[in-house]
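A.B. asks: Next input, structure requested:
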Amino acid sequence: MELPKNFEYFERQTPNIMEKLIREQGDEICQEKIGIDYIKDRLKDYDFGFIRSSVKAQMGKRKTRQTEHHAYSFVLCKLLPNPLFTNIDITLVCSRANSKDGKLLLELVEKHAYKIKYDCLSLIAVGDTRLLNWYKSQGFVLETDKPIINSNCKAYYMRKIM
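C.D. replies: Numbers count the residues shown, from 1 in each chain. Presented below is the predicted three-dimensional model:
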């Protein structure tokens, strides 16, 4: 599968710089809406992901050029194989404000699902009805929702059958 510019596919089994980027920049990428502990937890239990990042040259104190990776968005996914129904659980999707990468990240996951012959995508979205409607516009169907205690938000379990 050919990826758009600055997007990379990565897997948990192989050592990669992507996990390091997510650990270091995850809180900013997720717009400080998800705790860093939750992000680190998701990094312990995923199978593959996609990330958009770039390398930027930085001028150091000694005027030497150093490179620094800058991540804009990422998605982490868990494979849930079942003899009757194969599912990819999207465990975390985050993007910096104004990056507009969410739709593209979901499309990449969907293309990967087709490639590995998986039938369904699922996710839990936390937010308001605006987020719910955005996921619906991407083809997801609301299965169930629950209010989050001490919050105006709800958790929405959604699926997309392919």
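
A.B. asks: Buried residues, the host helix or strand of Glu28. List them.
C.D. replies: For Glu28, the host element (DSSP states H and E) is helix 17-29. Residues Met18, Glu19, Leu21, Ile22, Gln25, Gly26, Asp27, Ile29 are the ones in helix 17-29 that count as buried (16 or more other CB atoms under 10 Å). Where C-beta positions appear, they are placed from N, C-alpha and C, glycine not excepted.

A.B. asks: What of stretch 142-158?
C.D. replies: Lys154, Tyr156, Met158.

A.B. asks: Among these, name the ones in strands.
C.D. replies: Under the assignment DSSP state E, the buried residues of stretch 142-158 contribute Lys154, Tyr156, Met158 to strands.

A.B. asks: By pLDDT, rank these and give me the bottom one.
C.D. replies: Least confident by pLDDT among those: that is Lys154, with 84.

A.B. asks: Tell me who's in contact with that residue.
C.D. replies: Each residue near Lys154 by CB atoms under 8 Å, 6 or more residues apart in numbering is listed here: Val126, Gly127, Asp128, Leu132, Asp145, Lys146, Pro147, Ile148.

A.B. asks: what about it, distance to Leu21?
C.D. replies: Between Lys154 and Leu21 the distance is 30 Å, computed by CB to CB, to the nearest Å.

A.B. asks: returning to what we had before: quick check, nearest of the contacts of Lys154 to Lys111?
C.D. replies: Nearest to Lys111 among the contacts of Lys154, counting by CB to CB, is Leu132 at 23.9 Å.

A.B. asks: Skipping its backbone neighbours, what lies nearest that closest one in space?
C.D. replies: Counting by CB to CB, 6 or more residues apart in numbering, Tyr156 is the residue found nearest to Leu132 once chain neighbours are left out, at 5.3 Å.

A.B. asks: any idea where the strands of this protein begin and end?
C.D. replies: Using DSSP E, strands in the chain cover 7-11, 48-59, 65-80, 87-95, 120-127, 141-147, 154-161.

A.B. asks: any idea which residue sits dead centre in this structure?
C.D. replies: Geometric centre of the chain, nearest residue: Val75, 1.6 Å, by CA atoms, centre = their mean.

A.B. asks: Just grab the bridge partners of it for me.
C.D. replies: Phe50, Val93 (DSSP bridges).
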